[in-house]
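Chemist: predicted model and sequence below, questions to follow.
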Amino acid sequence: MRLLVLADQAHPHVHSPRFPENLGPFDLVLGAGDLPGEYLEYVASKVTVPVLYVPGNHGEEWVGEGPKRRRPGGAVNLHGRLFPYRGLLLYGVGGVPRYREGEGQLSEGELLALALKPLFLLPRRLLRGHGVDVLLTHAPPPGPTAGEGFPHRGSPAFLLLHRLLRPRLHVHGHTPLLGAPSFRRHRTPLGVEVVHVQGYALLSL
C-alpha cells in the first residue's frame, strides 16, 4: 500500500492543478497535523481514496471562522478514533504535549488516556502481531525524530502504545525539518517504523 502523508505546511506539489496525477498512484492520504482546513478539503476533492487527518497544535484544521467554523469536508478526523481500511487498522492522536495554553495542547494524562483507549485491541496484537497497523499523530514519540526544544519533545504515552499494541508504522509531524529532506525515519527496538514528515512524502507499507 502506498501512502501520501501530509504535515505542517501546504506543499505546492499537492496544492496544484496537476495533483494527484503529478505524484503517481497512492492508496490513502494521511494528514499529520497543522494543515489548513481548506487544504485538506482541496485534497479530498481531488482524490478518490480516504483522507484521514489529526489536528495539530495551531488550530488550522478548520474551514471558516466564528460560529460557522467547521471541520474540512471530505476528510476524516482520526483523533481518538479507529479506521479500518483494506485489512489495516489505523488510529490517530492529535495535538501535542502541553507547553503553553491553547488549542491542541494536551496534558500527559490526556495523551496517556488516548494512548490506552484502543487497549481492547490487545487480543488482535497477540493474534496478529499488531493491535493497530498505523498510528497517526501530530507529536512525535521520544527518540531520534523528536525535537530538541521543549515544545517539540516526544510524548512517552506513544512509547507505551508502541509497547502494548506494536503498530507497524507511526507517522507524525510537528518537529521542524530545517534544510532537511521532507521526511526522516527510524525503527525502534520494538520494530515500530517511525516516520517524521514535513510538507509531503510518499511511503510504502
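Modeler: Okay, I see it.
Chemist: can you tell me the SS state at the residue sitting furthest away from the middle of the chain?
Modeler: Centroid-distance maximum for the chain: P67 at 26.8 Å, with C-alpha atoms, centre = their mean. Following DSSP: H, G, I helix; E, B strand; the rest coil, we place P67 in the helix state.
Chemist: distance of it from P36?
Modeler: Taking C-beta to C-beta, to the nearest Å as the measure, P67 falls 19 Å from P36. C-betas here are computed from N, CA, C, even on glycine.
Chemist: got it, and H162?
Modeler: 30 Å.
Chemist: just want to know which of these two has more residues nearby.
Modeler: Higher neighbour count among H162 and P36: H162, with 21 against 17, using other C-beta atoms under 10 Å.
Chemist: near Q105, how many other residues are there?
Modeler: Other residues lying near Q105 total 15 when counted by other C-beta under 10 Å.
Chemist: quick check: phi and psi at it.
Modeler: The phi/psi pair for Q105 (degrees, to the nearest 10) reads phi -100, psi 120.
Chemist: wait, isn't it in contact with G94?
Modeler: No: if you go by C-beta atoms under 8 Å, Q105 and G94 don't touch, sitting 10.9 Å apart.
Chemist: part of a helix, is L52?
Modeler: No: looking at L52 with three-state DSSP, it is strand, so not inside a helix.
Chemist: beta partners of it?
Modeler: Using DSSP bridges, the bridge partners assigned to L52 are L30, V76.
Chemist: what about stretch 31-44, start to end distance?
Modeler: 11 Å (C-alpha to C-alpha, to the nearest Å).
Chemist: just the buried residues of it, please?
Modeler: 31-37, 39-44 (16 or more other C-beta atoms under 10 Å).
Chemist: grab the nearest non-local neighbour of F19.
Modeler: What sits nearest to F19 in space, not counting adjacent residues and going by C-beta to C-beta, 6 or more residues apart in numbering, is K46, at 5.7 Å.
Chemist: what's the residue nearest to S16 when sequence neighbours are not counted sitting at in phi/psi?
Modeler: Of all residues not flanking S16 in the chain, N22 sits nearest, at 6.3 Å (C-beta to C-beta, 6+ apart). Phi and psi for N22, reported as degrees, to the nearest 10, are phi -70, psi -10.
Chemist: ok, N22 touching P12?
Modeler: No: if you go by C-beta under 8 Å, N22 and P12 don't touch, sitting 10.3 Å apart.
Chemist: contacting residues around the worst-scoring helix or strand of the chain on mean pLDDT?
Modeler: The least trusted helix or strand in the chain, going by mean pLDDT, DSSP states H and E, turns out to be strand 183-187, with a mean of 89. With C-beta atoms under 8 Å, 6 or more residues apart in numbering as the test, strand 183-187 has contacts from 5, 143-145, 177, 193-198, 201, 203.
Chemist: strands paired with the next helix or strand after it, and their directions?
Modeler: Sequence order places strand 193-197 as the next helix or strand after strand 183-187, per DSSP states H and E. Strand 193-197 has its sheet partners listed here by DSSP bridges as strand 169-172 (parallel), strand 183-187 (antiparallel).
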